[in-house]
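Trainee: build me a model from this:
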Amino acid sequence: LHSSKKTYSSSLLMPKPINVRVTSVDAELDFAIQPSTTGKQLFDQVVKTLGIREIWFFGLQYEDDRSYVTWLKLNKKVTAQDIKKEVPLHFKFLAKFYPEDVAEELIQEVTQRMFFLQVKEGILSDAIYCPPETSVLLASYAVQARYGDYDGEKMKPGFLSKERMLPQRVLDQHNLTPLEWEERIVKWYQEHTNMLREDVMMEYLKIAQDLEMYGVNYFEIQNKKGTKLWLGVDSLGLNIYEHNDKLTPKIGFPWSEIRNISFNDKKFTIKPIDKKSPEFHFYAPRLRINKRILALCIGNHELYMRRRKPDSIEVQQMKAQSREERYAKQMERAVFEREKQARLDAEAQKAEMAARLKAYEEQHEDQIRKLVELEKQARALEDEKDEKETKTADLNFQLQQAQEEMQAIIMQTKTGAEHRETLEKRASEMEQRSKELSTEVDKKSRQAEMLALELVSLRKTQRDTAISVSKPPTMFLSDELGDEMQSGDLASMEHLTNDRSEEHREPHTERDRTTAQRLKVLGDELSATRDVNKVTSMDKIHEDNVRAGRDKYKTLRMIRSGNTKLRVEQFENM
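Mentor: Numbers count the residues shown, from 1 in each chain. All right, here's what the predicted structure looks like:
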């Protein structure tokens with residue numbers, strides 16, 4: 001009894017597991033955690049399940065008990081945080097920090113896919129503003145990533161009708177049918193043939209990272225004057241936006257200029273590295289927002305520093321492994337393409353051989369018909385020759401009779417003088433007749449000889465034709481076809497102050513002049529179909545920036561110009 005009582009008491013002390021559901025951009029994961037499980041333990045379980053090693057980009061996002069979106073703290077117990085109490089507990093596994101340059105920083109294919117899907121969703125939902133022509137280009141890469149190479153036989157018009165390819169804003173603004181949109185997307189899609197899926201996703205991200213709102217976390221703030229503004233926190237630094245324009249920052253502070261970030265209640269304080277520059281302050285509406293701003297600033301600054309130092313051993317190993325895997329995939333793709341081409345060549349050769357065989361058979365049948373016709377002609381000539389020979393024999397017989405008769409007449413002249421005149425006349429007639437018969441015999445003989453020669457020639461043609469029919473041409477026809485506190489001192493960056501290479505970048509689409517020109521043509525074409533009554537304020541701001549010749553990086557250079565003190569004063573006066 002004592003033993004069973006102990007067992008029962010022990011079962012009462014066992015903590016009840018807590019069900020957790022984590023949703024990523026392409027998966028839904030269920031876990032059972034203990035009340036003592038920390039945020040880091042849950043996070044580690046998620047990244048292990050997803051196979052992610054570049055964990056510094058990601059975090060677990062949730063909605064707190066006041067319905068504010070925030071990030072799970074890794075150093076605290078999950079149950080000790082202000083998570084909305086529901087069963088199961090819901091988290092989203094998302095990119096929390098963005099790279100400066102996706103091509104240099106995103107190593108694993110799984111990381112690239114996570115960013116690709118998250119950024120694509122941001123563009124489609126209009127959380128990241130994207131102009132119409134660029135939306136079409138990005139959609140073409142998304143189609144290649146989903147379907148692979150274009151196949152006109154399988155991909156009939158309307159095959160994208162159920163796909164979410166473009167932002168709803170873009171669809172609503174233009175008087176184009178779904179098929180007309182598809183036609184424009186497919187026109188670009190056809191050019192991506194043979195691109196590997198990871199290359200397609202990377203190309204998408206290279207274009208998307210040049211969009212002004214890419215990777216920016218926006219927070220509503222006020223300066224000392226009480227002016228409503230937006231604070232943008234991203235991988236490159238802090239930017240200040242007017243309240244009606246999230247596309248065009250007015251003042252910028254790169255991470256290399258910031259020494260310390262702290263807050264006290266709703267007041268946020270930024271201390272620049274330049275000691276001649278005054279610290280500046282802004283105010284956020286809620287304390288919780290300040291905590292989130294601080295965490296994002298520290299995380300982004302840390303990554304900014306890391307990028308400007310040599311890669312760690314772990315990152316070096318990951319890059320080496322990624323290069324090897326990429327090389328192996330390229331080799332595998334090359335082999336596949338060679339085999340595919342070999343199959344196509346073999347099929348083409350087979351089709352060519354079949355066509356040649358059919359042509360030969362038709363030629364053979366034609367030769368047979370000609371041979372039959374020649375045989376008919378030969379028989380006809382044989383018959384004609386026989387007839388000529390018979391006639392010649394008859395004429396010879398008549399000639400002989402005439403000669404005999406003439407001799408008889410001559411003999412009779414000796415005995416009948418009285419018939420001399422008559423006989424001479426008859427003899428003259430018979431002689432003339434004899435000459436005519438002789439001439440006709442000669443003519444018939446020559447005709448018979450010509451018929452004989454023609455028959456010999458016909459027989460030779462007949463034999464040649466028969467030989468041609470009996471020997472088909474040599475052909476090789478094969479049937480086998482080969483087949484994620486209140487103050488933060490930021491690490492010193494004095495030696496990196498001048499490292500602001502991001503200000504001199506050029507948008508990815510501008511590097512290829514042909515692509516830039518085609519995008520401009522497409523933009524002009526789409527403008528002609530736009531309903532001006534549905535143009536948004538974002539569209540107007542974007543168009544103003546384009547007309548002024550501004551892009552993301554030119555704007556960055558402009559808003560960082562002048563010393564820090566000048567920009568702080570500019571912020572205070574907004």
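
Trainee: any low-confidence regions in this structure?
Mentor: Along the chain, the model assigns pLDDT under 70 to residues 1-13, 412-424, 427, 434, 441, 444-445, 448-449, 451-499.

Trainee: for it, what's the longest helix?
Mentor: helix 313-415 (DSSP state H).

Trainee: name the helices or strands packed onto the strand or helix carrying Ile541?
Mentor: Assigned by DSSP states H and E, Ile541 belongs to helix 537-547. Helix 537-547 sits against no helix or strand, with contacts defined as 3 or more CB pairs under 8 Å, 6 or more residues apart in numbering; DSSP states H and E. C-beta coordinates here come from the backbone N, C-alpha and C atoms, glycine included.

Trainee: name the residues that touch it?
Mentor: Tyr129, Pro131, Gln173, Asn244, Asp245, Lys246, Leu247, Thr248, Asp551, Thr555 (CB atoms under 8 Å, 6 or more residues apart in numbering).

Trainee: buried residues in that helix?
Mentor: For helix 537-547, the neighbour count (16 or more other CB atoms under 10 Å) marks Met538, Asp539, Ile541, His542, Asn545 as buried.

Trainee: next one: stretch 306-323
Mentor: Across stretch 306-323, burial judged by 16+ other CB under 10 Å covers Arg307, Val315, Met318, Ser322.

Trainee: surely the third one and Glu109 touch.
Mentor: Pointing back at Met318 there. No. Met318 is not in contact with Glu109 according to CB atoms under 8 Å; the separation is 11.5 Å.

Trainee: quick one: the strands in the stretch 1-150 of the chain?
Mentor: 18-23, 28-33, 58-63, 69-71, 89-95 (DSSP state E, counting those that start in this stretch).

Trainee: need these in TSV with distance to Asp442, can you?
Mentor: Below are the strands of the stretch 1-150 of the chain laid out as TSV (distance: least, CB to CB, whole Å):
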stretch	distance to Asp442
strand 18-23	114
strand 28-33	112
strand 58-63	115
strand 69-71	122
strand 89-95	112
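
Trainee: which of those strands sits closest to Met213?
Mentor: Nearest of the strands of the stretch 1-150 of the chain to Met213, taken as CB to CB: strand 89-95 at 14.4 Å.

Trainee: what angle do the closest one and strand 58-63 make?
Mentor: On the basis of axes from the mean of the first three to the mean of the last three CA atoms, to 10 degrees, strand 89-95 is oriented at 140 degrees to strand 58-63.

Trainee: now strand 89-95, how far from the centre of its chain.
Mentor: Its chain's average C-alpha position is 31 Å from that of strand 89-95, according to CA atoms, centre = their mean, to the nearest Å.

Trainee: so for that strand, what gets flagged as buried?
Mentor: Neighbour-count burial for strand 89-95 [16+ other CB under 10 Å]: Leu89, Phe91, Lys92, Phe93, Leu94, Ala95.

Trainee: try stretch 150-169
Mentor: Tyr150, Met155, Leu160, Met165, Leu166, Pro167, Arg169.

Trainee: what of stretch 393-411?
Mentor: Quick answer for stretch 393-411 (16+ other CB under 10 Å): Leu395, Leu399, Ala402, Met406, Ile409.

Trainee: just flag the most distant two among the residues you listed.
Mentor: Leu395 and Ile409 (20.7 Å).

Trainee: before we move on, what SS does Phe268 have?
Mentor: strand (DSSP: H, G, I helix; E, B strand; the rest coil).

Trainee: and the closest residue to it other than its chain neighbours, its phi and psi?
Mentor: In space, and not counting its chain neighbours, Phe268 is closest to Phe282: 5.1 Å by CB to CB, 6 or more residues apart in numbering. Backbone geometry at Phe282, expressed as degrees, to the nearest 10, gives phi -140, psi 170.

Trainee: swap in the one 10 residues further on?
Mentor: As for Arg292, its main-chain torsions (degrees, to the nearest 10) stand at phi -70, psi -40.

Trainee: give the contact list for it.
Mentor: Thr70, Trp71, Phe219.

Trainee: the spatially closest residue to Asn19 that is not a sequence neighbour: neighbouring residues, count only.
Mentor: Excluding its sequence neighbours, the residue lying closest to Asn19 (CB to CB, 6+ apart) is Pro88, at 3.7 Å. Pro88 is flanked by 14 other residues according to other CB atoms under 10 Å.
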